[in-house]
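1. quick check, what structure comes out for this input:
(one chain, ligands or ions: 1)
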Amino acid sequence: MLPHPSPLLLDGRLTDGSGGTFDTLNPATGEVLGAAADATAADMDEAIAAARRAFDETGWPRDVALRVRCLRQLRDALRRHSDELREMTIAEVGAPRFLTAGAQLDGPVADLGWFADLAESYEWTRDLGRAEPMGMPSARRVVREPVGVVGAITPWNFPHQINLAKLGPALAAGNTVVLKPAPDTPWCAAVLGVLIATETDIPPGVVNIVTSSDHALGAQLAEDPRVDLVSFTGSTATGRAVMTSAAATLKKVFLELGGKSAFVVLDDADLRAACSYAAFSSVAHAGQGCALTTRILVPRDRYEEATEIISRTLRSVGAGDPNDEATMCGPVISARQRDRIEGYLELALKEGGAFACGGGRPEGRDRGFWIEPTLITGLTNDARTAREEIFGPVLVLLPHDGDDDAVRIANDSPYGLSGAVYGTDVERARGVAARLRTGTVSVNGGVWYGADVPFGGYKQSGIGREMGAAGFEEYLEIKSIAEGVQ
Ligand code: NAD
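-> This next block holds a predicted model:
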């Protein structure tokens with residue numbers, strides 16, 4: 001399905017581009033899987049020009065039926081190749097196999113159908129009826145239209161989910177897209193280009209896929225005046241750079257950024273159930289999820305007990321081969337990311353923390369990029385290790401002195417992406433959830449992930465929402481029309 005090296009998709013053509021190739025690695029082994037086309041600034045320029053032409057000169061922005069058909073074709077093509085895609089995703093992302101049945105593959109593929117259905121049933125025009133502003137009889141309506149050319153810039157941790165959560169609503173809304181994926185996972189994006197070109201009726205230029213080892217191509221996309229909206233997912237630091245690049249042309253920016261979310265265990269909770277759930281859910285995919293709850297807040301008088309339960313759970317989770325059905329926590333994506341996490345582990349000790357479990361590389365894994373599931377105790381919420389996003393299987397356990405204190409600590413963060421509350425009295429748990437300044441909250445193990453659920457951040461975790469009807473509307477402009485009538 002995927003030629004080697006994997007190609008770019010530029011104006012409907014699968015091409016090697018002009019910059020040679022770069023390697024993509026298997027993070028579980030460190031081995032080179034193969035190569036991907038390494039686009040240059042000239043290739044990016046061509047992609048943007050093609051997306052602009054497809055938006056300005058074809059019927060795509062106004063043909064809802066074509067868009068709905070194309071999205072369903074893409075979903076069906078991805079499903080036809082799901083066995084191959086699953087193996088490729090495990091190999092390139094290091095994603096545990098069980099996650100490919102959900103957010104790493106099958107979930108986002110199905111979500112394309114949800115966006116097609118939404119476009120089909122959407123109220124594109126809303127009649128506001130007649131009025132006589134300043135004595136002028138007028139028939140008014142509000143029309144929703146695509147924004148134009150979307151620059152989509154994505155990270156490596158859930159590549160299919162994030163690439164498709166941008167492509168799906170952007171295309172359903174009638175935009176054209178230039179997708180620039182992370183250099184760590186080019187194949188997960190390139191495969192979309194191949195399927196779009198060979199198995200769908202998506203017209204040339206409507207989707208352009210530009211893999212590159214050069215982050216500067218992301219900045220180029222954010223700066224270019226022909227791009228109307230930048231839809232970015234990645235770190236808060238890069239989000240700031242994207243917003244700055246986009247500012248010169250005042251284009252719309254949509255940012256899904258980092259997090260350091262809190263899991264609040266209330267004093268009436270079943271501590272064993274709450275702490276083991278908090279532990280295993282937060283180190284899934286080696287903690288490489290922006291919304292994972294990596295600060296666990298427990299009642300102060302049960303801190304020792306919680307340390308014991310979480311450590312036992314993390315030891316039993318371990319770090320395993322992502323190919324294995326039972327693996328929850330696989331490798332981290334790269335040597336760079338592993339080194340960054342190890343830097344935080346050193347910092348935790350310097351800040352006065354201790355490892356209740358983990359703290360290093362798992363035994364016997366000398367190839368690839370690995371970190372043991374780790375619990376850090378003995379820190380306060382002021383420590384950098386407790387405040388900054390580590391993006392690895394590293395949890396920090398913090399004590400709280402009751403509900404108000406727990407809410408204070410949870411909200412004492414520059415981020416506001418997600419959170420969780422666990423308690424026996426559901427009304428009380430709901431009350432605490434309502435006070436968390438975050439875009440999503442789980443109460444007693446509830447899972448908010450789904451095509452119809454808006455996802456995004458308060459504070460420095462982002463601007464706007466992805467998924468759901470709110471996510472679709474990020475890709476729409478609003479035009480109000482008034483016709484003079486008698
Ligand atoms: P990153 O910010 O380093 O890179 C993300 C993308 O931005 C990549 O494609 C990269 O090439 C590109 N890029 C880099 N510099 C750029 C620049 N100056 N201008 C434009 N684009 C540029 O993030 P990452 O390491 O790939 O991913 C991990 C981060 O993503 C974490 O912080 C995580 O929390 C965040 N994330 C957030 C969400 C969310 O929905 N909120 C989801 C997944 C990941």
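2. low-confidence ranges in this protein?
-> Residues of the chain that meet the criterion pLDDT under 70 are absent altogether.
3. near the ligand, which residues of it?
-> Proximity of the chain to the ligand (C-beta under 6 Å from any ligand atom) is limited to residues 153-157, 162, 180-183, 215, 218-219, 222, 233-235, 238, 241-242, 245, 256-259, 290, 389, 391, 417, 457, 462. Glycine gets a C-beta too; all of them are placed from N, C-alpha and C.
4. please pick the buried ones from those.
-> The neighbour-count criterion (16 or more other C-beta atoms under 10 Å) marks 153-157, 162, 180-183, 218-219, 222, 233-234, 238, 241-242, 245, 256-259, 290, 389, 391, 417, 457, 462 among the residues of the chain next to the ligand as buried.
5. go through these and flag which are in strands.
-> 153, 180, 233, 256, 462 (DSSP state E).
6. you'd agree the first one is up against K180?
-> Yes - in this structure, I153 is within contact of K180 by C-beta atoms under 8 Å, at 5.1 Å.
7. find residues that contact each of those two.
-> Shared contacts of I153 and K180, defined by C-beta atoms under 8 Å, 6 or more residues apart in numbering, comprise 218, 221.
8. OK, contacts around whichever residue of the stretch 151-300 of the chain sits closest to the ligand?
-> Ranking the residues of the stretch 151-300 of the chain by distance to the ligand (C-beta to the nearest ligand atom) places G218 first, at 2.2 Å. G218 makes contact with 153, 180, 238, 242, according to C-beta under 8 Å, 6+ apart.
9. of those, closest to A51?
-> K180 (11.8 Å; C-beta to C-beta).
10. any idea how many residues pack against A319?
-> By the criterion of other C-beta atoms under 10 Å, A319 has 26 neighbours.
11. ugh, typo on my part, it should be G135
-> The tally of other residues near G135 (other C-beta under 10 Å) stands at 5.
12. quick check: buried residues in stretch 408-420?
-> Neighbour counts using 16+ other C-beta under 10 Å place 409-411, 413, 415-420 of stretch 408-420 among the buried residues.
13. centre of the chain to that stretch, how far?
-> Centroid displacement of stretch 408-420 relative to its chain, using C-alpha atoms, centre = their mean, to the nearest Å, is 18 Å.
14. hmm, who's touching that stretch?
-> Contacts with stretch 408-420, where a contact means C-beta under 8 Å, 6+ apart, come from 236, 257-264, 278, 290-293, 295, 297, 381, 387, 389, 398, 400, 433, 435-443, 456-462.
15. could you redo the last one with a cut-off of 7 Å?
-> With contact meaning C-beta atoms under 7 Å, 6 or more residues apart in numbering, stretch 408-420 is reached by 258-264, 290-291, 293, 297, 381, 387, 398, 400, 436-442, 457-461.
16. same thing with stretch 476-486?
-> Residues from elsewhere that reach stretch 476-486 (C-beta under 7 Å, 6+ apart): 130, 136-147, 173.
17. rebuild those as TSV, extending it with neighbour count.
-> Compiled in TSV, the contacts of stretch 476-486 are given as follows (neighbours: other C-beta atoms under 10 Å):
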residue	neighbour count
R130	12
M136	10
P137	13
S138	16
A139	14
R140	16
R141	14
V142	14
V143	13
R144	18
E145	15
P146	23
V147	22
A173	26
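18. before we move on, the earlier item: just the buried subset of the contacts of stretch 408-420, please.
-> For the contacts of stretch 408-420, a burial check counting by 16+ other C-beta under 10 Å picks out 258-264, 290-291, 293, 297, 381, 387, 398, 400, 436, 438-442, 457-461.
19. residue ranges of the strands in the stretch 51-200 of the chain, please?
-> Assigned by DSSP state E, counting those that start in this stretch, the stretch 51-200 of the chain shows strands spanning 125-131, 138-146, 149-153, 176-180.
20. okay, the angle between the third one and strand 176-180?
-> Yep, that's strand 149-153 we're talking about. Here strand 149-153 runs at an angle of 20 degrees relative to strand 176-180 (axes from the mean of the first three to the mean of the last three C-alpha atoms, to 10 degrees).
21. how distant is strand 149-153 from the center of its chain?
-> Offset of strand 149-153 from its chain centre (C-alpha atoms, centre = their mean): 15 Å.
22. pretty sure W156 is touching I333, no?
-> Yes - contact criterion C-beta atoms under 7 Å: W156 and I333 qualify, at 5.5 Å.
23. list residues touching both of these two?
-> Common neighbours of W156 and I333, using C-beta under 7 Å, 6+ apart, are D184.
24. which ones are touching the residue nearest the centre of the chain?
-> The centre of the chain sits closest to I162, judged by C-alpha atoms, centre = their mean, with a distance of 4.6 Å. Under the criterion of C-beta under 7 Å, 6+ apart, the neighbours of I162 are 154-155, 233.
25. would a markdown table of the residues you listed with distance to A77 be doable?
-> Shown next, in a markdown table, are the contacts of I162 (distance: C-beta to C-beta, whole Å):
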| residue | distance to A77 |
| --- | --- |
| T154 | 20 |
| P155 | 24 |
| T233 | 23 |
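26. which one among those residues gets closest to D404?
-> For the contacts of I162, the nearest to D404 is T233 (33.5 Å; C-beta to C-beta).
27. once you drop chain neighbours, what's closest to the closest one?
-> E256 (4.1 Å; C-beta to C-beta, 6 or more residues apart in numbering).
28. distance of that neighbour from V421?
-> The gap separating E256 from V421 is 23 Å, by C-beta to C-beta, to the nearest Å.
29. again, but for E477
-> Using C-beta to C-beta, we find E477 at a distance of 37 Å from V421.
30. the more surrounded of the two?
-> More neighbours surround V421 than the other of E477 and V421, with 31 against 15 (other C-beta under 10 Å).
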